[in-house]
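Undergrad: would you be able to build a 3D model of this:
(chains A and B)
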Amino acid sequence: MDRKESRDHNNSRKRRNRSPSRSPSRSHSKSYASVKSKQIKEDISLNIQREELLTGKGNDERPVANSTNDTSISIEETNRIRAELGLKPLEIGGENSNVEASTEKKDVHVPAENLREKKATEELRRKLDERREKRQIEQKLAQVRTLAHTTADDDDNAVSWVEKSRRIQKEKEEANKRAKMLEEMDEAFGVGDMLTTELIKQKAKAYTSRDLRGIKVEHDREMIAEGKEVVLTLKDQNILQEEGDVLVNVNLVDIERYKKNNEIKKQRPGYQPYEEEEVDELGLPKPKLLLAKYDTEIEGEKHDSFVLGKIGDEEAKMKAQKLMKDKLKLQQKKIESLESRPLQIASEYYTAEEMVSFKKVKRRVKKVRSKGDGILKADDLIQETQETTSSDLGSRSRKKRMDEEVTEDLSGFKITVDESQKEIRQALLKANKLKERKADQWDMNMITRSLKREPLEETEGMEEDPLKSSIILNATAEFCRTLGDIPTYGMAGNRDEDEDELMDFERQLAEERRRNQEKEERKREAERLQERGGWNVLERENDQGSDDSMDVDRNEKDNATVILDEEPDVGSGMAAALKLAMSKGYLEKQEKKRIVISKSAQELQAQRYTIEDKAAEDDKYSRRNRFDGPVVEFKDKEGYKPLPKLEYIDDNGKAMSTKEAFRHLSHKFHGKGSGKLKSEKRAKKDEDKMLMNRMSSTDTPLNTLKKLQDKQKELQSPYVVLSGKMAPTSIVKPGKGKK
Amino acid sequence: MIEITCNDRLGKKVRVKCNPDDTIGDLKKLIAAQTGTRWEKIVLKKWYTIYKDHIKLEDYEIHDGMNLELYYQ
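TA: Next comes the predicted model:
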């Protein structure tokens, strides 16, 4: 109970202590609050007490937190509690000072060392040590005798020393004597020889070269020079090793080691993709092993070794043999010189020597087909064409010698293929010259004669020999070309390609003949007229500007100039009609003939044409002979000159020019034509052209010329009188045209 | 002797006298005696360090007049 009182007293005191610092109003409120908290605390303490009672640990004397915020109990009380808890009592008061003392003790002040003193003491100690040492040495020396002392002793022993030396000398002499005596004795008994022989024997018994046979020496044979002494020792080996002894020289081992170290120093990194092949001392390439660098690690180090004695000899022999072999190999190896060959001009063709290496394909001898041969083949035909075309070039000259040749001429005058090109060329030249010379001599006679002959040939040759026809065409075509364009040609049905060309030609000739006759008639008429004293002006118009060479000579005679060409007489014949058509533009002069020829040639070519040929041709033209031309003339197609021509025909069946054709194509492609204006314009142009063609080439559209001529004929005067207001009469001269 | 203040912030604040060489466990027992709670339930903390029972106050450097946080577990 008193304890409680004391607590209360404490609390009251605290409160008293606090209160002066606060304002009275505050203290009021605080006191009120504290009262409230006090109640709560009491409640709590009651609860605790109740709990303690329940747990059975109830202790009435236990201090309970009182109402104050901050509780503390006195020292005595705590000590009591501590005693209960089994703790030592609090260290109060003196103990507190004690604690402070202990803390002071911990920080003991250690005065700083005085260096000077330290040094002084050290010096002192050293001096003492020195002195002690000195003393010890002196003591030692005191025991040792000095030189003076010893000399003093030796003075006594000088005699004895002399005696000593003398004794030693004597002993030496005696020993010598005894050795001599022994030797003499040995000699007397012959023991010396025996001994030496014995020794030798023993030696022989003990170890000879025979015993060394089969022992391995672990050095290269070359290392041990011949005639040189090398001391070999047994190599250290494993005791359990079953192999025989191995001899080794220490120096050689050192040398080997040195070499090996050098090798290791030289070693480069393991991976060398572009390493050059190593070559051994003989120049033979060393075989390159895969991952050779690991060989020593896997298989252990390799030592060159040889075996003493017989076997060793054999081994040496083997080695020597191998060496020899290597040398032989080396000899077999060709030595390549670094000198390059002398420079040459590169040629595109093989030299004669090089050509030898090629196997020459034997040329097949062409069979000469007899005239009456039975079956005809396409190949044969082609051959024939070539031959004849080549020979035909000289046709003019042949025609001179007509009688015996003409019949034979076209049927196949043979030139063997083997005949050289040179000869052919010469022949051609000759023929050309002749042609030039004889051109003027050429006359109608020949034509008529040839014409007479040819039909015979044709009848026999045409049906069964289309080849021949083509040949003939070639020859005659050549001939006709020199004559110039034959206007009747187109009319004769030549445009139809299927038709036989020979027939056309025949027709041509016939027509020509007819024309000639006509001309002659006309001429005669003209002469008649002249005799009558009429105009001969209109005589010349039958030429019609055609460059028919046959008429040239006759035309030259007609010097009279003509105002206008006569309108050709349609009634006289087909030729005349055609001429009219040509002049009027109904027919257009076209070089159909050439096309036809080329077509026939194409046919022939197609027969002969193979894929190989094509490839060869391609090759020929693409690579080396693009600019040079073919090296060897290609005989198969000698007469063939390609005339590529594209023809386009419009909706009306008219041929179009390239420009027109392009326009046509373009319009087709783009799906739209030219505009109305343009197409109209073009149509008009076409129409005009047509009109122009239709228009009489010899007269005005109103036929004024015709009228004029008629008038002149009627009046039989070379002029016409034009009546008018201004000029009643005027004379028009016949030489001048009138508009 | 040192005096330590222990405060749970629920209304209990006790000042305990003890020796610096007492263990935390002893301190807890003293506090328990003073407050009336069982000492096993007491946790002493200073900030986030929970003081362990078997370690002495001086080792935790708990000096006179220090405040310890008092929690219950």
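Undergrad: show me the strands in chain B, by range?
TA: Per DSSP state E, chain B carries strands over the ranges B:2-8, B:12-18, B:42-46, B:49-50, B:67-72.
Undergrad: what's the third one packed up against?
TA: What it means is strand B:42-46. Helices and strands touching strand B:42-46, by 3 or more CB pairs under 8 Å, 6 or more residues apart in numbering or on different chains; DSSP states H and E, are helix B:24-35, strand B:67-72. Yep, even glycine has a C-beta here, placed from its N, CA and C like the rest.
Undergrad: looking at the strands of chain B, which is buried most?
TA: strand B:12-18 (a mean of 21; mean count of other CB atoms under 10 Å in any protein chain shown).
Undergrad: what angle separates it from strand B:67-72?
TA: Here strand B:12-18 runs at an angle of 120 degrees relative to strand B:67-72 (axes from the mean of the first three to the mean of the last three CA atoms, to 10 degrees).
Undergrad: what does the stretch 451-600 of chain A have sitting close to chain B?
TA: Taking CB under 8 Å from any CB of the partner chain, no part of the stretch 451-600 of chain A reaches chain B.
Undergrad: what about the stretch 451-600 of chain A, any weak spots by pLDDT?
TA: Applying pLDDT under 70 to the stretch 451-600 of chain A picks out residues A:451-507, A:525-569, A:585, A:588-600.
Undergrad: ok, 50 please
TA: Where the stretch 451-600 of chain A drops to pLDDT under 50, the residues are A:455-472, A:486-501, A:534, A:536-561, A:591-593, A:595.
Undergrad: who is the residue of chain B found nearest chain A paired with across the strands?
TA: Going by CB to the nearest CB, chain A is nearest to B:Arg15 of chain B, at 3.3 Å. Beta bridges link B:Arg15 to A:Ser72, B:Thr5 when assigned by DSSP bridges.
Undergrad: wait, it sits on A:Ser72?
TA: Yes: the pair B:Arg15 and A:Ser72 qualifies as a contact (CB atoms under 8 Å) at a distance of 3.3 Å.
Undergrad: quick one: common contacting residues for the two?
TA: Common contacts of B:Arg15 and A:Ser72 (CB atoms under 8 Å, 6 or more residues apart in numbering or on different chains): B:Glu3.
Undergrad: would JSON lines of the strands of chain B with distance to A:Lys293 and mean pLDDT be doable?
TA: Conversion of these to JSON lines gives the following (distance: least, CB to CB, whole Å; pLDDT from 0 to 100):
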{"stretch": "strand B:2-8", "distance to A:Lys293": "79", "mean pLDDT": "90"}
{"stretch": "strand B:12-18", "distance to A:Lys293": "81", "mean pLDDT": "90"}
{"stretch": "strand B:42-46", "distance to A:Lys293": "71", "mean pLDDT": "92"}
{"stretch": "strand B:49-50", "distance to A:Lys293": "66", "mean pLDDT": "91"}
{"stretch": "strand B:67-72", "distance to A:Lys293": "75", "mean pLDDT": "92"}
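Undergrad: show me where the stretch 101-250 of chain A has strands.
TA: Counting by DSSP state E, counting those that start in this stretch, the stretch 101-250 of chain A has these strands, from start to end: A:216-217, A:233-234, A:246-248.
Undergrad: so which of those strands comes closest to A:Ala655?
TA: With CB to CB as the measure, strand A:216-217 is the member of these nearest A:Ala655 (108.1 Å).
Undergrad: sheet-wise, list the partners of the closest one with their directions.
TA: Going by DSSP bridges, the partners of strand A:216-217 are strand A:246-248 (parallel), strand A:306-307 (antiparallel).
Undergrad: least reliable of those going by mean pLDDT?
TA: Mean pLDDT is lowest for strand A:306-307 among these, at a mean of 78.
Undergrad: now the closest residue to B:Leu30 other than its chain neighbours: how far from A:Ile73?
TA: Using CB to CB, 6 or more residues apart in numbering or on different chains and skipping residues adjacent in sequence, the residue nearest B:Leu30 is B:Val16, 4.9 Å away. Noted for B:Val16: a distance of 8 Å to A:Ile73, by CB to CB, to the nearest Å.
Undergrad: now do the shared contacts for these two.
TA: In contact with both B:Val16 and A:Ile73: B:Gln34, using CB under 8 Å, 6+ apart.
Undergrad: ok, how many other residues are close to A:Gln508?
TA: 21 (other CB atoms under 10 Å in any protein chain shown).
Undergrad: follow-up on the earlier one: out of the helices and strands packed on strand B:42-46, which comes closest to A:Lys519?
TA: Checking the helices and strands packed on strand B:42-46 against A:Lys519 by CB to CB gives strand B:67-72 as the closest, at 153.9 Å.
Undergrad: in its sheet, what does that closest one sit against?
TA: Using DSSP bridges, the strands paired with strand B:67-72 in its sheet are strand B:2-8 (parallel), strand B:42-46 (antiparallel).
Undergrad: who are the contact partners of the residue in chain A positioned nearest to chain B?
TA: At 3.3 Å from chain B, A:Ser72 is the closest residue in chain A, using CB to the nearest CB. Going by CB under 8 Å, 6+ apart, A:Ser72 touches B:3, B:14-17.
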